[in-house]
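Peer 1: Sequence plus the predicted model coming up.
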Amino acid sequence: MFPNEMQILQQLAVLVVCRSLATGQISSRYFFPQKPMPWVKGREYCQSHFVDLAVLNTEEEYSALLSAIPTNNASFWLGLHKKSSGWEWTDGEQLRLTHWYNYNHEGHCVSLEAMFEEKDKLLARYCNEQHRVVCQGPVSPQSVSVDFVNIDHVNLSWNISALMQTTSHYYNVTICSFICETLSYFYTNGSSLMSISVSNLSAATEYFIYVSAVVIHLDHGTNRKWILQDNPTTLKAKTATSNKTHKIFFIVSNSFSLVLLASSFWCIYHIVKKETVQDTSSVDSTIAELLPHRSGSEKLENVIF
C-alpha cells in the first residue's frame with residue numbers, strides 16, 4: 001500500500017472517531033474530577049461514573065498518567081491501597097512500580113503528588129484525607145492477534161485486563177480499506193480472552209483495524225448517557241486470495257507453458273529437419289564421386305575381365 005493511501009485510511013478512521021464524539025462519546029483513559037474526597041468516596045464516585053480509580057500496572061501507564069495530569073499543584077488518589085498481603089491495585093494486581101517519593105508505613109492509601117518535580121510521585125497517606133481523584137476509563141487491549149485469515153473474514157483475539165473483566169463494556173472494531181466501518185462486540189462471559197470474527201471482507205485486500213474498549217454510563221443527575229472510549233489499538237491484516245483467482249492464474253499459467261513448450265518443439269523439429277536434409281545431400285555427392293565415369297559410347301559387352 002502506498003503512503004498516501006495509508007494517510008487517507010487514517011484520516012477516514014479519524015472521521016469515524018469524530019463522528020462518535022459528536023454523539024456524546026468521550027475518548028480518553030483518565031479523568032480528573034474537581035471535587036476532593038476521601039479515598040473510599042473517591043472510588044465509589046469513579047465506579048459510578050467511569051470504571052474505577054486509576055490502576056497503573058506498567059511503566060507505560062505510569063508515564064501516560066503523568067503526561068495527562070491537568071495541574072501540577074494537587075494530590076490525586078490512585079486505585080492503590082494496603083492489604084495484609086502488601087500493596088495492591090483495585091483490580092487485584094500487586095504493586096510492581098517503585099516510584100515512591102516517601103514511604104509512609106502508617107498510610108494505607110496512595111496518592112500521586114503532581115507538585116513533586118521528581119518522577120517518583122507516589123505517597124502513602126491516611127485514607128480519610130480529602131484529595132482529588134484520578135478515575136480510570138475503559139482500557140483497550142495492549143495488542144491484538146490475527147488468529148486466522150480467509151478470503152472474506154479474519155479472526156481476531158486479545159487479552160482482557162483484570163480491571164475490564166469486572167466491568168460491563170464492549171469493543172468498537174473499526175475496519176478500513178477504501179471506506180471505514182465500525183462494528184460493536186459485547187463482552188459478556190467474564191473470560192480473560194476475547195475472540196471475534198470480522199466477516200464480509202474482500203479477498204486479497206489489506207485492512208487497517210482499530211480496536212477500542214467502550215463503557216456506557218448514565219449520569220443520574222442529568223439522565224444523560226455518556227459513552228467512554230479508550231484510544232484504539234491498531235493493526236493490519238490482509239485477506240487471502242480467492243480460490244477462483246488461484247484457478248484462473250493456474251489455467252493461464254499452464255496454457256502459457258503449453259504454448260512455450262509447443263513453440264520449442266516446433267523450433268527443434270525444423271532445426272533437425274534442416275540438418276538432416278543437408279547431411280543427405282552431402283552423402284549423395286560423395287557417392288557420386290566414387291562411382292566410375294562412363295561415356296555414352298562404351299558398352300558393357302566390350303569390357304574384358
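Peer 2: Looks like it came in fine. Since we're looking at a predicted model, the values are computed, not measured.

Peer 1: Which residues are in contact with residue 72?
Peer 2: By Cβ atoms under 8 Å, 6 or more residues apart in numbering, the residues touching residue 72 are 114-115. Every residue, glycine included, has its C-beta placed from N, CA and C.

Peer 1: Quick check: it vs residue 120, distance?
Peer 2: Noted for residue 72: a distance of 15 Å to residue 120, by Cβ to Cβ, to the nearest Å.

Peer 1: in the sheet, who's paired with residue 169?
Peer 2: residue 187 (DSSP bridges).

Peer 1: Enumerate every residue touching the most centrally placed residue in the chain.
Peer 2: Nearest to the mean C-alpha position of the chain, by Cα atoms, centre = their mean, lies residue 235 at 1.8 Å. By Cβ under 8 Å, 6+ apart, the residues touching residue 235 are 143-144, 146, 208-209, 211.

Peer 1: Would you agree it falls within a helix?
Peer 2: No. Under DSSP: H, G, I helix; E, B strand; the rest coil, residue 235 sits outside any helix and is assigned strand.

Peer 1: Okay, it and residue 142: tell me how far apart.
Peer 2: 12 Å.

Peer 1: and what of residue 230?
Peer 2: The gap separating residue 230 from residue 142 is 11 Å, by Cβ to Cβ.

Peer 1: Show me which of these two is the more surrounded one.
Peer 2: Ranked by neighbour count (other Cβ atoms under 10 Å), residue 230 and residue 142 place residue 230 first, with 25 against 12.

Peer 1: Quick check: closest non-adjacent residue to the more buried one.
Peer 2: Closest residue to residue 230 apart from its sequence neighbours, by Cβ to Cβ, 6 or more residues apart in numbering: residue 140 at 4.2 Å.

Peer 1: what's near enough to touch the one you found?
Peer 2: Contacts of residue 140 (Cβ under 8 Å, 6+ apart): 171, 211-213, 230-233.

Peer 1: same question, residue 169
Peer 2: 138, 187, 213-215.

Peer 1: how does the protein divide up, domain by domain?
Peer 2: 30-136, 145-241, 245-290 (automatic domain parsing).

Peer 1: Neighbours of residue 63, how many?
Peer 2: The burial count assigned to residue 63 is 12, neighbours taken as other Cβ under 10 Å.

Peer 1: what's it sitting at in phi/psi?
Peer 2: The phi/psi pair for residue 63 (degrees, to the nearest 10) reads phi -70, psi -40.

Peer 1: how close does it get to residue 97?
Peer 2: In terms of Cβ to Cβ, residue 63 sits 11 Å off from residue 97.

Peer 1: mind listing what's buried in the helix or strand residue 228 falls within?
Peer 2: If you go by DSSP states H and E, residue 228 is part of strand 224-229. Buried residues in strand 224-229, counted by 16 or more other Cβ atoms under 10 Å: 227-229.

Peer 1: Could you do stretch 152-163 as well?
Peer 2: 154-156, 158, 160-163.

Peer 1: Mind checking which of those residues are in strands?
Peer 2: Within these, residues falling in strands by DSSP state E are 154-156, 158.

Peer 1: which regions of the stretch 201-305 of the chain sit below the pLDDT cut-off?
Peer 2: Residues of the stretch 201-305 of the chain meeting the criterion pLDDT under 70: 243-305.

Peer 1: who does whichever strand or helix holds residue 79 touch, helix- and strand-wise?
Peer 2: Residue 79 is part of strand 75-83 when elements are defined by DSSP H and E. Applying 3 or more Cβ pairs under 8 Å, 6 or more residues apart in numbering; DSSP states H and E, we find strand 75-83 packed against helix 39-49, strand 52-53, strand 86-89, strand 109-113, strand 122-125, strand 132-133.

Peer 1: count of neighbours near the spatially closest residue to residue 212 that is not a sequence neighbour?
Peer 2: Leaving out its chain neighbours, the residue that sits closest to residue 212 by Cβ to Cβ, 6+ apart is residue 232, at 4.2 Å. For residue 232, the count of nearby residues is 21 (other Cβ under 10 Å).

Peer 1: wouldn't residue 232 be in contact with residue 175 here?
Peer 2: No. Under the criterion of Cβ atoms under 8 Å, residue 232 makes no contact with residue 175, lying 11.4 Å away.

Peer 1: Mind listing the shared neighbours of those two?
Peer 2: In contact with both residue 232 and residue 175: residue 210, using Cβ under 8 Å, 6+ apart.

Peer 1: Now do the lengthiest strand in the chain against helix 39-49, angle only.
Peer 2: When the chain is parsed with DSSP E, its longest strand is strand 206-219. Angle of strand 206-219 versus helix 39-49, following axes from the mean of the first three to the mean of the last three Cα atoms, to 10 degrees, is 120 degrees.

Peer 1: Would you mark the buried spots in strand 206-219?
Peer 2: 207-215, 217.
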